[in-house]
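> Sequence and predicted model, in that order:
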Amino acid sequence: MPTKLKMNRIQDNLCTKRFGRSILFSHSVDSTNKWAEKLATYGAREGTVVIAETQTAGRGRSGKKWISPSGGLWFSLILRPKLSPAETVKLTFVAGLAVAKVLQENFNLDVETKWPNDVLVNGRKICGILLEMNTTGEAVSFVVVGIGVNANFDAAKSFPEQLKKTATSLENELGRKVHLEKLFGALLERLEALYELFTKEGFTSILEEWKKKAAFLGRHVEVTGRAENISGLALNVDHEGVLILRLEDGTIRRVFVGDVSLRA
């Protein structure tokens, strides 16, 4: 994992205006998102990044535990967008697209996006994104975008039994370890470029690119939610980031929250 000296080299070589101009590193934290939230509350500027070698209480969506062994890339980015909460949610797709493009272009991998916040390689999860925001009424005070990339470890040896069939890592896919500092730098640069595109020109082009990598669209899926599980044909992800399903009885359902899996 990057040492402080290597982190300084990343900052020197970054082609960004704001992202990564301030980077805080720790060998171990409970959660990089939690750490970033505290810093944002104290006034940390937009583009501040926190990164850790391991997380002892990493979080996924809906309070799920995120396992973060040494060798992964675990970081959180503080943003202060001038957007409504509904628009801010779309930053999950911005981050997902950034990760997908970097992994595809830098490593020539078969990358997919999965609604709403995962990136897959060869059908297995390699990255998860957790977006959390702080609001006052309809104003967004700050956003923390947490990104976890399974990188330099064997997923089969590092994850519990229930994840071994659904998760992978860069080491598993490439048969080698990757240069974490270069990967981190590439992700920050692509994140900033797509963030600026989104804030200046809107969601349309981001969403269209994201959907081109969404292999689950046009296929039968099951969506697991807190209140119910539903299944149907994944027709689209609309401009609000909502999944559109055609249920087996022909009903069209808009799904706002849930975990998607392909039906056998």
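Arrived safely.

> so how far is stretch 199-215 off the chain centroid?
Mean-position distance between stretch 199-215 and its chain equals 15 Å (C-alpha atoms, centre = their mean, to the nearest Å).

> Contacts only, for residue 215.
If you count contacts by C-beta atoms under 8 Å, 6 or more residues apart in numbering, residue 215 has them with 112, 120, 123. Every residue, glycine included, has its C-beta placed from N, CA and C.

> Show me where this structure has its helices.
For the chain, applying DSSP state H gives helices covering 4-13, 32-41, 85-88, 91-107, 155-158, 170-174, 180-201, 204-212.

> Show me which parts of the fifth one are buried, residue by residue.
Going back to what we said before, that points to helix 155-158. By 16 or more other C-beta atoms under 10 Å, the buried positions in helix 155-158 come out as 155, 158.

> Residue 83 - how many residues pack around it?
A total of 18 residues lie near residue 83 under the criterion other C-beta atoms under 10 Å.

> same deal with residue 208?
10.

> So it versus residue 201, what's the distance?
12 Å (C-beta to C-beta, to the nearest Å).

> and what of residue 261?
Relative to residue 201, and taking C-beta to C-beta, residue 261 is found at 33 Å.

> who has more neighbours, the two?
Higher neighbour count among residue 261 and residue 201: residue 261, with 15 against 10, using other C-beta under 10 Å.

> so what's the closest residue to the more buried one other than its chain neighbours up against?
Leaving aside its chain neighbours, residue 261 sits nearest to residue 222 (5.3 Å; criterion: C-beta to C-beta, 6 or more residues apart in numbering). When contacts are counted by C-beta under 8 Å, 6+ apart, residue 222 touches 229-231, 260-263.

> Tell me, what's the model's pLDDT at residue 222?
With respect to pLDDT, residue 222 has a value of 94.

> and it, what are its bridge partners?
Per DSSP bridges, the residues bridged to residue 222 are residue 231, residue 261.

> Adjust the sequence numbering to begin at 50 for everything that follows.
Shifting the count to begin at 50 puts that one at residue 271.

> Would you mind measuring from it to residue 184?
From residue 271 across to residue 184, the span is 32 Å (C-beta to C-beta).

> for residue 85, same thing?
16 Å.

> Give me the nearest residue to residue 177, chain neighbours excluded.
Counting by C-beta to C-beta, 6+ apart, the residue nearest residue 177 is residue 197, at 5.2 Å.

> Could you tell me how many residues sit around residue 187?
By other C-beta under 10 Å, neighbour count at residue 187 equals 8.

> right, and it touches residue 133 too?
Yes: assessed by C-beta atoms under 8 Å, residue 187 is found in contact with residue 133 at 6.1 Å.

> Show me this structure divided up by domain.
53-261, 269-311 (automatic domain parsing).

> where's the last one relative to the chain centroid, distance-wise?
Read that as domain 269-311. 20 Å.

> Then the first one?
Taking the mean C-alpha point of domain 53-261 and that of its whole chain, the gap between them comes to 5 Å (C-alpha atoms, centre = their mean).

> hang on, the earlier thing: nearest to residue 246, out of the contacts of residue 264: which one, please.
Distance ranking of the contacts of residue 264 against residue 246, using C-beta to C-beta, places residue 161 first at 21.3 Å.

> now that closest one, which residues is it bridged with?
residue 169.

> repeat for residue 184
Beta-bridge partners of residue 184, as defined by DSSP bridges: residue 189.

> do you know how far it is from residue 132?
Counting by C-beta to C-beta - residue 184 and residue 132 are separated by 11 Å.
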